[in-house]
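Novice: Got a predicted structure here, sequence first:
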Amino acid sequence: MNTNLVLSPSSAVETELLAVLAADQSTSKAKDAAPEVRLLSADDSVRSAAQPVLDSGEFRAEAGETLLLHSPFGIKAKRLLIVGLGKAAKLTPTEVRKGAGTAVRFARPRNIRELAIVVPEAAQLEQQLTVRALAEGALLADFDPDTYRSDRKDRSVQALQVVAPAAGDRRAAETGLREGVIVAESQNFARTLVNEPGNRMTPTILGQKAAEMCRAFGLQCEVHGPDKLRDLKMGAFLSVAQGSDEPPALIVMSYEPPNGARGDGPVLALVGKGITFDTGGISIKPSENMEKMKYDMAGGAAMIASMRAIAQLRPQVRVIGIVCAAENMPSGKAQKPGDVQIAMPAGPDRPGKSIEIINTDAEGRLVLADGLTYARQLGATHLIDAATLTGAIGVALGMINAGVFSNDDDTCQHFADALKISGERFWRLPVEDDYRELIKSQIADIKNTGGRYGGAITAAMFLKEFAEDTPWIHLDIAGVAWSDEAKPWIAAGPSGVAVRSIVEWVRSYAR
Ligand code: BES
Ligand code: MN
Ligand code: ZN
């Protein structure tokens, strides 16, 4: 999608479809209260073209609601689309993101390949973040996961005009548009990777995709195979891969800031779970819904995609991206419940932690354990991991919020601040030492499951063992990395969650 900023009155924009956002100003709580729809455009001609239909009360400006007018009087656009954002009092860039998405997903099935969206004007909407959210919403909405349908029609929108008020701040709008495009294209890249089925997205292929991306965007990249994992003594990671004929891949990407890195600055490590298919291994999963486990590399994809955005935004901070990719399979070579594995040593004179495998389906924490240790060995001062780690996170938080865990309040505050910009929803859960009891083993240092209760927390406790004293954030995205239902503003399928927040978290450390 080509995007273009135009500073002109909305009524003067020549386009197939002019989308104008609208909100409900009524403050009444009563269910059947009449909405007071306010068009978020200062253009008089647009307002008068829309007035009759708004007066009719047919349009309530609910989120995702649309109303189309052909040949609107007094304006240049061929069609005027009014898009609801919900209550005016609750208006934030998040609603704008959805509104822009709704406009794009209105256009696509109607074969409208070019449209214009008016940047909404409202007191509480700051220009740069509003334009950014608008661009993100439009690009994210243009993604469809129907890749392998032989009758697939390309319905993508070719051109988008972002219409900002002529008197507005051009610089802010340009920056917002540029950042929105970079971040949304990267998030879509993550969704493309996650959408691929297991036979077409093996650890090796994921490594190739990462290397290709790094080449295109000027990042360093190394993809290591099993020999290197053995050299590094990554016993936990290797134990997951050993049941599969597909070799594991350790993907290491690095970004150096433009003016050279100061020796003492932070080094941020992004560590992703890249299980390209999770059968559960010998502790095999039930077959119902097992096909979904192709998205078990969504954390890894989020890290590859975040590195892609970072390479373009060029923040003044060093960043390493690590993805531990493997396939979790049952076979005669697979690891068994009761096996004991030795994780990667945390230093030259420190033995790796011993792990009793209770359930081979708790494999994500095993690959991440070695990924986190390796990140620390590469000099990481701050760690963030993302993983579709537990079904339990969905039980705890539903499909609305993802889980965030951290051993350091300051680092976690950086993430909370990032959420204000990304608009993504994460809820913090505890990793207090009391929970550590639950992963104690009779035979080894720790075991890889913690029993029936607090499953997302005990999984996080396991990872915390390997973060040791390094400030660390863990994102459990299992509940939200895939959505079964489409929304008016976004397709069903891979969500690309966490990319926007991770990128913003990284930028918060830039000097
Ligand atoms: N990949 C799964 C978690 C998952 C579940 C992701 C549902 C997406 C949707 C993970 O490897 C897993 O199997 N976790 C187990 C852990 C258990 C064996 C302690 C789980 O959540 O059941
Ligand atoms: Mn599993
Ligand atoms: Zn898994």
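Specialist: Everything's here; your move. Ligands and ions are numbered 1, 2, ... in the order given.

Novice: contacts and neighbour counts: CA atoms only from here.
Specialist: OK.

Novice: you'd agree Q128 is in a strand?
Specialist: No. Counting by DSSP: H, G, I helix; E, B strand; the rest coil, Q128 falls outside a strand, being helix.

Novice: could you list every residue that touches it?
Specialist: With contact taken as CA atoms under 8 Å, 6 or more residues apart in numbering, Q128 is in contact with A172, A173, E174, T175, G176, L177.

Novice: want to try JSON lines for the residues you listed, with distance to A210 and pLDDT as columns?
Specialist: Converted to JSON lines, the contacts of Q128 look like this (distance: CA to CA, whole Å; pLDDT from 0 to 100):
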{"residue": "A172", "distance to A210": "32", "pLDDT": "97"}
{"residue": "A173", "distance to A210": "31", "pLDDT": "97"}
{"residue": "E174", "distance to A210": "29", "pLDDT": "98"}
{"residue": "T175", "distance to A210": "27", "pLDDT": "98"}
{"residue": "G176", "distance to A210": "27", "pLDDT": "98"}
{"residue": "L177", "distance to A210": "26", "pLDDT": "98"}
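
Novice: out of those residues, which are inside helices?
Specialist: A172, A173, E174, T175, G176, L177 (DSSP state H).

Novice: residues in the protein within reach of ligand 2, list them.
Specialist: G280, D361, A362 (CA under 5 Å from the ion).

Novice: nearest spatial neighbour of the first one, skipping sequence neighbours?
Specialist: I take that to be G280. D361 (4.0 Å; CA to CA, 6 or more residues apart in numbering).

Novice: Where does the one you found fall, secondary structure wise?
Specialist: Taking DSSP states H and E as the definition, one finds D361 inside no helix or strand.

Novice: So it sits against G281, correct?
Specialist: Yes. With contact defined as CA atoms under 8 Å, D361 reaches G281; the gap is 6.0 Å.

Novice: any residues in contact with both of those two?
Specialist: Jointly contacting D361 and G281 under the rule CA under 8 Å, 6+ apart are N328.

Novice: got the contact list for the residue nearest to G280?
Specialist: D278, T279, G280, G281, I282, S283, I284, K285, N328.

Novice: Helix, strand, or coil at the residue in the stretch 1-150 of the chain that ligand 1 sits nearest to?
Specialist: Of all residues in the stretch 1-150 of the chain, P145 sits closest to ligand 1, with a separation of 18.1 Å (CA to the nearest ligand atom). Following three-state DSSP, we place P145 in the coil state.

Novice: coming back round to it: quick one, which of the contacts of D361 are buried?
Specialist: Buried subset of these (neighbour count, 16 or more other CA atoms under 10 Å): D278, T279, G280, G281, I282, S283, I284, N328.

Novice: returning to what we had before: can you list the ones in helices among the contacts of Q128 in CSV and add distance to G198 and neighbour count?
Specialist: Shown next, in CSV, are the ones in helices among the contacts of Q128 (distance: CA to CA, whole Å; neighbours: other CA atoms under 10 Å):
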residue, distance to G198, neighbour count
A172, 42, 17
A173, 40, 26
E174, 39, 20
T175, 38, 16
G176, 36, 21
L177, 35, 24
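
Novice: Quickly check the residues you listed for the two that are furthest apart.
Specialist: For these, the farthest-apart pair by CA to CA is A172 and L177; their separation is 8.5 Å.

Novice: Could you show which parts of the chain are in contact with ligand 1?
Specialist: Proximity of the chain to ligand 1, by CA under 6 Å from any ligand atom, involves residues 280, 296, 359, 361-364, 388-392, 449, 478.
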